[in-house]
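Asker: Predicted model and sequence below, questions to follow.
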Amino acid sequence: MNSALIPENWLRLMSDEDRKKLGRHGMTLQEIMDKFVAKSEKELHQQIEGLLRLKGIQAFHSRTDKRTTRPVGEPDFLMAIKGQACAVEVKYGDGKLMEEQATMLHKLEAPPNKWRVTVVRSVDEMLLFLREMGLE
């Protein structure tokens, strides 16, 4: 039987070990979509990191492909723009903030911290944020 033709509902019933033997043909539609979103979000991170570098902004950015020892919910980019502490969370498409991320952004934004925080979904949204911070 051609593994490319295995129905989705059969794949979900198979063991992870058996599906792994099938390679990409053993992935469910949800797994394929999750992999695409992860790759796309990683590419968006790289584009934003490049933009910040072009603007001369030193940002702290954790890797997206490895577990981190940083606090759960820490924003993707931490930086200072014109003396103002800023935190940027990157989400691809209609990705939602995890509860820990929303809590962390709220803590950073609230007194006494008063960071500027934002969630961006594109390079254009990042450019808009930088303009709001007084950068052109």
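Answerer: Happy to help now that I have it. Residues are numbered from 1 along each chain as shown.

Asker: so what does the longest helix belonging to the chain touch, helix or strand wise?
Answerer: Ranked by residue count, the top helix of the chain under DSSP state H comes out as helix 29-54. Contacting helix 29-54 under the criterion 3 or more Cβ pairs under 8 Å, 6 or more residues apart in numbering; DSSP states H and E are the following elements: strand 59-61, strand 77-81, strand 84-90, helix 123-132. Backbone N, C-alpha and C define where each C-beta goes, glycine included.

Asker: change it to 10 Å
Answerer: helix 8-13, strand 59-61, strand 77-81, strand 84-90, helix 123-132 (3 or more Cβ pairs under 10 Å, 6 or more residues apart in numbering; DSSP states H and E).

Asker: rank those by pLDDT, which is bottom?
Answerer: Summarising mean pLDDT across these, the least confident stretch is helix 8-13, with a mean of 80.

Asker: and that one, how far out from the chain's middle?
Answerer: Centroid displacement of helix 8-13 relative to its chain, using Cα atoms, centre = their mean, to the nearest Å, is 29 Å.

Asker: Give the buried residues for that helix.
Answerer: Residues of helix 8-13 classed as buried: L11 (neighbour count, 16 or more other Cβ atoms under 10 Å).

Asker: Start and end of stretch 48-61, how far apart?
Answerer: Taking Cα to Cα, to the nearest Å, the first and last residues of stretch 48-61 lie 10 Å apart.

Asker: list the contacts for G93?
Answerer: Going by Cβ atoms under 10 Å, 6 or more residues apart in numbering, G93 touches 36-37, 40-41, 44, 121-122.

Asker: Please confirm that it is located within a helix.
Answerer: No - inclusion of G93 in a helix is not indicated when DSSP: H, G, I helix; E, B strand; the rest coil is applied; the result is coil.

Asker: related to what we said a few turns ago, and which of the contacts of G93 is nearest to T69?
Answerer: E41 (20.6 Å; Cβ to Cβ).

Asker: per-residue pLDDT, that closest one?
Answerer: In the predicted model, E41 carries a pLDDT score of 86.
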